[in-house]
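In: task: produce atomic coordinates for the following.
(4 chains)
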There are 2 protein chains.
Amino acid sequence: MNQVNKRTRIQERNRAAILEAALEVFSQAGFRGATLDQIAKTAGLSKPNLLYYYASKEAIHTELLSGLMDNWLEPLEALKADGDPIEEIIAYVLRKLDMARSLPRESRLFANEIVQGAPRIIGEITGPLKTLVDEKASVINGWIEEGKIAQINPYHLIFSIWATTQHYADFDVQIRAILPTNGNTRFAEAANFLEHMYCAALKPS
Amino acid sequence: MNQVNKRTRIQERNRAAILEAALEVFSQAGFRGATLDQIAKTAGLSKPNLLYYYASKEAIHTELLSGLMDNWLEPLEALKADGDPIEEIIAYVLRKLDMARSLPRESRLFANEIVQGAPRIIGEITGPLKTLVDEKASVINGWIEEGKIAQINPYHLIFSIWATTQHYADFDVQIRAILPTNGNTRFAEAANFLEHMYCAALKPS
DNA sequence: GTCTATAAGGTGATAGAC
DNA sequence: GTCTATCACCTTATAGAC
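Out: Got it, this is the predicted structure:
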């Protein structure tokens, strides 16, 4: 290993540590609420050293958000027109719920951004996200016309899936405070409930 | 009108203007993201004058949140055990959706607070809110035992109602960006969709 | 690449005149 | 009750030594 590779690997490790720390802090406090001090401390670096790797607070946040959008679109992309309609939609619901379970910080990062008007990510929404949703709404409308599922509004179906699944990440504090069970059964319970609800709602009449 | 009453009315008017401005700013930017400058300017007061009425930024935020919690619980309180189960739940869904339409800033104020860990409102959640939810979950469980509705988990039913309705306020920017319709029909569409979904999900098997 | 020191500007809150 | 002026602190970002 030569000096250049060594430096590169240190750089990659530090950049990764910064993004990990930034995800932790931004998702918990929002863009304005987060401070470089917190991120630097969480990453185990000094503040100037952090700014050696990223030019600004904004740059870190932008990199996080853009890096996540691809991941965020994946579950919906996997919805295939040639599968069984209800199975495809239920599988999408469960994939989204599993993302809320395994990537709650990513979900809260988006939630913070969108609740506050999506100033730094509106382009991704009106662009790639809208394109994908329009495409999948067409698929769902096709299923409706074939009589394979009930006549529902595909856009509002998708919104309700986003809402019900991301809720378990975004409003985690509230859910833990209210649920009478103390353990980690809430995602299994949620999966049961959501599967029942969407099966019932989609069954053609 | 004597001098005392006149001063009192001016005070009431200014305090109301401050709370209105604070709702506007806090709901859009979160606690940390909001500044007293913005709130004062929106309220049409100087910053020191604003702090003449409220001791601190925190005091304004606390007053807003505690004043709103009562309003927030009302729709669920109106769910009555002696009504028709499915009609009662659907009416609750539609009341919540109407609150998301008419009070979006209040919804976003809560969303901002809870996404960031509810540091200033956790007591209201573990206290009055949990008490109310436990009570209504019992009512719903009673309906299930009587075979009047399907066997669903009442807590997750309530979570899903919160999620699907508040989503139209909290993620308003995203919804507007994605929906193909330009007008204000989204709440009517949502009402149709949600009524269909919850009717189907609750119908006893 | 990493550090200490510090600049530059924003922000919550107070002092004191009117 | 309301204002101007200002303090004290925080936060982003940079300078420059090592």
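In: show me what from chain A comes close to DNA strand C.
Out: A:7, A:8, A:10, A:11, A:14, A:45, A:46, A:47, A:48, A:49, A:52, A:53 (Cβ under 7 Å from any atom of the strand). The C-beta positions use only the backbone N, C-alpha and C, and glycine is treated the same way.
In: list the contacts of the residue lying closest to the fourth one once chain neighbours are set aside.
Out: When you say that, I think you mean residue A:11. Using Cβ to Cβ, 6 or more residues apart in numbering or on different chains and skipping the chain neighbours, the partner closest in space to residue A:11 is residue A:53 (7.2 Å). By Cβ atoms under 8 Å, 6 or more residues apart in numbering or on different chains, the contact set of residue A:53 is A:11, A:14, A:15, A:18.
In: same check, this time on residue A:40
Out: Residue A:40 sits next to A:21, A:46, A:47, A:49, A:50 when contact means Cβ under 8 Å, 6+ apart.
In: try 10 Å this time
Out: A:18, A:21, A:22, A:25, A:46, A:47, A:48, A:49, A:50, A:51 (Cβ atoms under 10 Å, 6 or more residues apart in numbering or on different chains).
In: mind checking which helix or strand the nearest residue in space to the fifth one that is not next to it in sequence is in?
Out: Put plainly, it is residue A:46. If the residues on either side of it in the chain are set aside, residue A:46 comes closest to residue A:40, at 6.1 Å by Cβ to Cβ, 6+ apart. Secondary structure assignment for residue A:40, by DSSP states H and E: helix A:36-43.
In: may I see the buried residues of that helix?
Out: Across helix A:36-43, burial judged by 16 or more other Cβ atoms under 10 Å in any protein chain shown covers A:36, A:38, A:39, A:40, A:42, A:43.
In: check stretch A:90-107 too.
Out: A:90-97, A:99-101, A:103-107.
In: and stretch A:71-79, by the same measure?
Out: Buried, per 16+ other Cβ under 10 Å, within stretch A:71-79: A:72, A:73, A:75, A:76, A:79.
In: just give me the closest of these to DNA strand D.
Out: Using Cβ to the nearest atom of the strand, residue A:72 is the member of these that sits closest to DNA strand D, with 24.9 Å.
In: which residue packs closest to the closest one, ignoring adjacent ones?
Out: residue A:110 (7.0 Å).
In: and the contacts of residue A:40 as a markdown table, adding secondary structure?
Out: Formatted as a markdown table, these follow (DSSP: H, G, I helix; E, B strand; the rest coil):
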| residue | secondary structure |
| --- | --- |
| A:18 | helix |
| A:21 | helix |
| A:22 | helix |
| A:25 | helix |
| A:46 | coil |
| A:47 | helix |
| A:48 | helix |
| A:49 | helix |
| A:50 | helix |
| A:51 | helix |
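In: and chain A, which residues reach DNA strand D?
Out: Residues of chain A that fall close to DNA strand D, judged by Cβ under 7 Å from any atom of the strand: A:34, A:35, A:36, A:37, A:47, A:48, A:51, A:55, A:56, A:57, A:58.
In: the residue nearest to residue A:72 contacts residue A:27, correct?
Out: Yes. Taking contacts as Cβ atoms under 10 Å, residue A:110 lies within contact range of residue A:27: 8.8 Å.
In: between these two, which contacts overlap?
Out: By Cβ under 10 Å, 6+ apart, the residues touching both residue A:110 and residue A:27 are A:169, A:170, B:115.
In: before we move on, the earlier item: ok, the buried residues of stretch A:71-79 vs DNA strand C, which is closest?
Out: Checking these against DNA strand C by Cβ to the nearest atom of the strand gives residue A:72 as the nearest, at 29.3 Å.
In: distance check, that closest one against residue B:134.
Out: Applying Cβ to Cβ, to the nearest Å, the value for residue A:72 to residue B:134 is 34 Å.
In: tell me which two of the buried residues of stretch A:71-79 sit farthest apart.
Out: A:72 and A:79 (14.0 Å; Cβ to Cβ).
In: show me the helices in chain A, by range?
Out: A:3-33, A:36-43, A:47-53, A:57-77, A:85-102, A:104-115, A:122-124, A:130-145, A:154-170, A:172-178, A:186-202 (DSSP state H).
In: so where's chain A uncertain?
Out: A:1-7 (pLDDT under 70).
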